[in-house]
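>>> need a structure here:
(2 chains)
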Amino acid sequence: MTAKIKNAVVATLCGLWIFGFALWGLFEPDADISLSERRKLAQMPDFSAETLLSGSFMSDFEKYSTDQFPLRESFRRLKSVNEYYLFNRLDTNNIYLYKGYASQLEYPLKESSVENAAKRFSYIYETYLKDSGGKVYLSVIPDKNYFLAEDGGYPHIDFDEMISSLREKTDFAEYIDIIPTLDISDYYRTDTHWRQEKLEDTAKVLADGLGAELSLEYEQKKLDEPFYGVYSGQSALPLAGEDMYYLDNGLFDSVKVYNLEAQDYTPVYDLERASGYDPYEIYLSGPRSVMIIENPGQDNGNELVIFRDSFGSSIAPLLIEAYSKITLVDIRYLASPMLKNFVDFENADTLFLYSTLVLNNSETFK
Amino acid sequence: MVFSSIPFLYYFLPAVILCYFIAPKCLKNAVLLIFSLLFYAWGEPRFVVFMLISIAQGYVLGLLTERFRSKKPLARLFTAISCLISIGLLVYCKYADFFISNFNAITGLSVPLLGIVLPIGISFYTFQILSYNIDVARGTVAAQKNPIDLGAYVAMFPQLIAGPIVRYSDIAAQLKNRTHSLEKVSAGAGRFVIGLAKKVLIANRLAELINVFKASGDKSVLFMWIYAVAYSIHIYFDFSGYSDMAIGLGKIFGFDFPENFNYPFVSKSATEFWRRWHMTLGSWLRDYVYIPMGGNRVSKPRWFLNIFTVWLLTGFWHGAAWTFIFWGLFFAVLLVAEKLWYLKYLEKSKFLAHIYKLLFVAVSFVIFDSASLAEAFGNIGAMFGLGGLPLVSAEAVYNLRSYAVILILGIIGSTPLIKRLVEKFAASPKREKLLNIAEPVALVLLLAVSTGYLVDGSFNPFLYFRF
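Residues are numbered from 1 along each chain as shown, chains lettered A, B, ... in the order given. Modelled structure (predicted):
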């Protein structure tokens, strides 16, 4: 190729690229959501003298043009592949891959966050639980970093320090150690969460600690669609989809699940959510402020209140057989001082069940 | 608007290129001016007023200076007024609060700060207008009769917000007559894409590392050095990448802007470093400050005073803070010391020169990046083990591993190694043909990957915006 032809090729290719994507972007209809990132995409901002002079049009247009760029997912993937495989970065968008599992870097240990969580729990104990007649328990769910980070040489928090610090500050609660029942294979490769079908041991230990008995006779059912966890979209790396299962038995047909926020009854497994933003929300419809599970088949009158994050959604159904009622409370969405209006603590046992990820970022606790 | 953004690359750029090349020759500068003002207004619409005032006064006073050239005092007066307005606007916008806060600190008074937001690129276009009016006064260029042409020169978006500092004399002829060719468009596009990749793929990645360092609670001596090296490479790729994009865009529109960098990190001394770093600023200060003060053709004490004045201004130009002044003076001390004592030894020992260079580059940019002098001294002390930090920390090792390839690419890219290899490879006609095939492919790949980073909403600050 002569220099003259090269010049023509360079100018043509660069021109085609810039003008091609510019026109494509102009004529392609705007998308509403990004399923992989689980968020709404920015839309064309209002154009007015006010938005123009304030500069908000420009900043919003930048977000819009980035969000609505043609082949956006492919470009994100190109970036991540370049970052991870060519630049040999150990993580991309804070996600690393180790032993086939994707996990998010979570460090350093935020003492203030653990203290904040402990303060919230203490407030709840002092306000609602102290004289309620029930017992109080605490259990901590390790995130995937617990099993991967140290071994893989990734920065990580000192989990033992976190748990002992939390236990010291919440000495009103009896600690149930579920960590020995878990290993990395109990978690999804591409998601934050644990797999419900692998939690029978964990549920058993938890129930033993709570003084409850479980038969744990379930049928394992598989979702039709592969599951791409939150880290799949966040990292934008080409990660394979996974099989997703849920544990079912006849009991769940009679169990009533009431969503207090929506004032609506929902099934234990909301399978319509399998094709939504976050398929993990099939379990008790995902994180909701207050969910009440009533088990008409259990007449022992035992009640349990679980303060939980999204991990709690998948394990709570496994505990219901031992209780007449389980109330799930998420204080990320409902302020603790408001609980008296929605939750009955009288004679109910209470379990604080939180993952280390949430405990290290507890500023969302209300 | 920054070049390394989706709105610029895929909305603004195609629009301006289309309108520019459709427009007849007599309207091309007007198209450039209109789009340049739009480009500038995108960041902060109200600051366009400052720019228009600067252009208007430069235009009128330039004409008056030329008209009354025979009456020297009057011509000098017009030039002085123009310089005062330009410098006054710059001082008001950029330095007023610095002077007030120092005045308050000295007197114990509490004069309220003005809280002025710095108009983007004001330091650059002020210097351009100053050079125009001074050159008109000196008679080295003719005053521009056409306000659109002068406006297009000052506001021209490729070099508006981050240089290079293009003097009017550099492009006066091109404003009237310039050639457009496929060769120039191709060279410009290539240069632009390389600059974009330098900015997006290297500078922005290292900016992330620097942010990680600053937020870290696990610092160590190793981490301090990683930071110092990363920041030095980051600022070079950030600024030189932007200059590459500016020069490339200029070429597409038919202009030849001056070079701004010439592999400064291969320098063997601070003297050489400043011949290769931000060359248009260095030459501007040399021609409009240092030489008029007498340069080096004066007594030794006066010569040192000239050097210190220029470097004080260099530091102060970069920012209204004591750290920048200290940074400028740090180089003044190095330059004087080199001239007086050890430049000849550095020139003899490559090894010594490289150690010396690594030290002064790293230290100088740590000063540059510090929020205060106390922080600068603290960081420099910590680099040399005086901060009570451990030698190594887990986070430092992790980040060194994670950013090793980017750091290595940055170090290699800071040298002429790749350029020399390409030139060597292209020595035979056969291999040159191969390179001619590889170049367009490589450019499109770089454009695609850079777009990927921009689409993913990566970290994309631009350092020289604040100047």
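>>> which residues of chain B score low on pLDDT?
Along chain B, segments meeting pLDDT under 70 span B:458-467.
>>> contacts only, for residue 231.
No chain in the question, so chain A it is. Applying Cβ atoms under 8 Å, 6 or more residues apart in numbering or on different chains to A:Y231 gives the contacts A:I95, A:A102, A:S103, A:Q104, A:T190, A:D191, A:T192, A:L239. C-beta here means a position set from N, CA and C on the backbone, and glycine is covered the same way.
>>> chain B was what I was after
B:Y231 makes contact with B:L206, B:I210, B:F365, B:V366, B:D369, according to Cβ under 8 Å, 6+ apart.
>>> also A:D264?
Applying Cβ under 8 Å, 6+ apart to A:D264 gives the contacts A:Y258.
>>> one more: A:N145?
Listed by Cβ under 8 Å, 6+ apart, the contact set of A:N145 reads A:S103, A:Q104, A:L105, A:E106, A:Y154, A:H156, A:I157, A:T356.
>>> how does it look with 7 Å?
A:N145 sits next to A:S103, A:E106, A:H156 when contact means Cβ atoms under 7 Å, 6 or more residues apart in numbering or on different chains.
>>> what of B:R276?
Going by Cβ under 7 Å, 6+ apart, B:R276 touches B:F261, B:N262, B:Y263, B:P264, B:S267.
>>> which of the contacts of A:Y231 ranks first by neighbour count?
Ranked by the number of neighbours (other Cβ atoms under 10 Å in any protein chain shown), the contacts of A:Y231 place A:S103 first, at 30 neighbours.
>>> what sits opposite that residue in the beta ladder?
Taking DSSP bridges as the rule, A:S103 bridges to A:Y96.
>>> from A:D143, how far off is it?
8 Å (Cβ to Cβ, to the nearest Å).
>>> need the longest helix for chain A.
Secondary structure of chain A per DSSP state H: the longest helix is helix A:3-27.
>>> list the contacts of it.
Helix A:3-27 is contacted by residues A:68-70, B:9-11, B:13-14, B:182-183, B:185-186, B:189-190, B:193, B:436, B:439-440, B:443-444, B:447 when judged by Cβ under 7 Å, 6+ apart.
>>> whichever of the residues you listed end up buried, select them in PyMOL.
Only the buried members of the contacts of helix A:3-27 end up in this PyMOL selection, burial being decided by 16 or more other Cβ atoms under 10 Å in any protein chain shown:
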select buried, (chain A and resi 68+69+70) or (chain B and resi 9+10+11+13+14+183+185+186+189+190+193+436+439+440+443+444+447)
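>>> so which of the contacts of helix A:3-27 are in strands?
Applying DSSP state E to the contacts of helix A:3-27, no entry is found in strands.
>>> follow-up on the earlier one: so how do I select the buried members of the contacts of B:R276 in ChimeraX?
In ChimeraX, a selection of the buried entries from the contacts of B:R276 looks like this (16+ other Cβ under 10 Å):
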select /B:261,263,264,267
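>>> what's the closest non-adjacent residue to B:K28?
B:Y20 (6.0 Å; Cβ to Cβ, 6 or more residues apart in numbering or on different chains).
>>> buried residues of stretch A:4-19, list them for me.
Neighbour count says stretch A:4-19 has A:K6, A:N7, A:A8, A:V9, A:V10, A:A11, A:L13, A:C14, A:W17, A:I18 buried, by 16+ other Cβ under 10 Å.
>>> so how far is B:A426 from the first one?
Between A:K6 and B:A426 the computed distance is 11 Å (Cβ to Cβ).
>>> over to the second one?
Remark: distance between A:N7 and B:A426 (Cβ to Cβ) = 15 Å.
>>> what's the neighbour count on the nearest residue to A:G152 once chain neighbours are set aside?
Spatial nearest neighbour of A:G152, excluding adjacent residues (Cβ to Cβ, 6+ apart): A:Y98 at 3.9 Å. The number of residues packed around A:Y98, counting by other Cβ under 10 Å, is 19.
>>> just the strands in the stretch 151-300 of chain A please.
Secondary structure of the stretch 151-300 of chain A (DSSP state E, counting those that start in this stretch): strands at A:174-175, A:219-222, A:245-248, A:256-259, A:264-266, A:290-294.
>>> ranking those strands by burial, who's on top?
Each of the strands of the stretch 151-300 of chain A was scored by mean neighbour count; the highest is strand A:290-294, a mean of 22, by mean count of other Cβ atoms under 10 Å in any protein chain shown.
>>> quick check: what element follows it along the chain?
Using DSSP states H and E, the helix or strand that directly follows strand A:290-294 along the chain is strand A:303-308.
>>> neighbouring strands of that following strand in the sheet, and parallel or not?
Sheet partners assigned to strand A:303-308 using DSSP bridges are listed as strand A:325-329 (parallel), strand A:349-355 (parallel).
>>> about what we covered before: export the contacts of B:R276 to TSV and append columns for secondary structure.
Converted to TSV, the contacts of B:R276 look like this (DSSP: H, G, I helix; E, B strand; the rest coil):
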residue	secondary structure
B:F261	coil
B:N262	coil
B:Y263	coil
B:P264	helix
B:S267	coil
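>>> helices of the stretch 1-150 of chain B, start to end?
For the stretch 1-150 of chain B, the helices defined by DSSP state H, counting those that start in this stretch cover B:6-7, B:13-22, B:28-43, B:48-67, B:72-90, B:96-107, B:122-138, B:147-155.
>>> tell me if the longest one is near chain A.
In this case it means helix B:48-67. No - with Cβ under 7 Å from any Cβ of the partner chain as the criterion, chain A is not reached by helix B:48-67; the gap is at least 11.2 Å.
>>> what's the spacing between that helix and its chain's center?
How far helix B:48-67 lies from its chain's middle: 24 Å, per Cα atoms, centre = their mean, to the nearest Å.
>>> the shortest one too?
For helix B:6-7, the distance from its own C-alpha centre to the chain's C-alpha centre is 22 Å (Cα atoms, centre = their mean).
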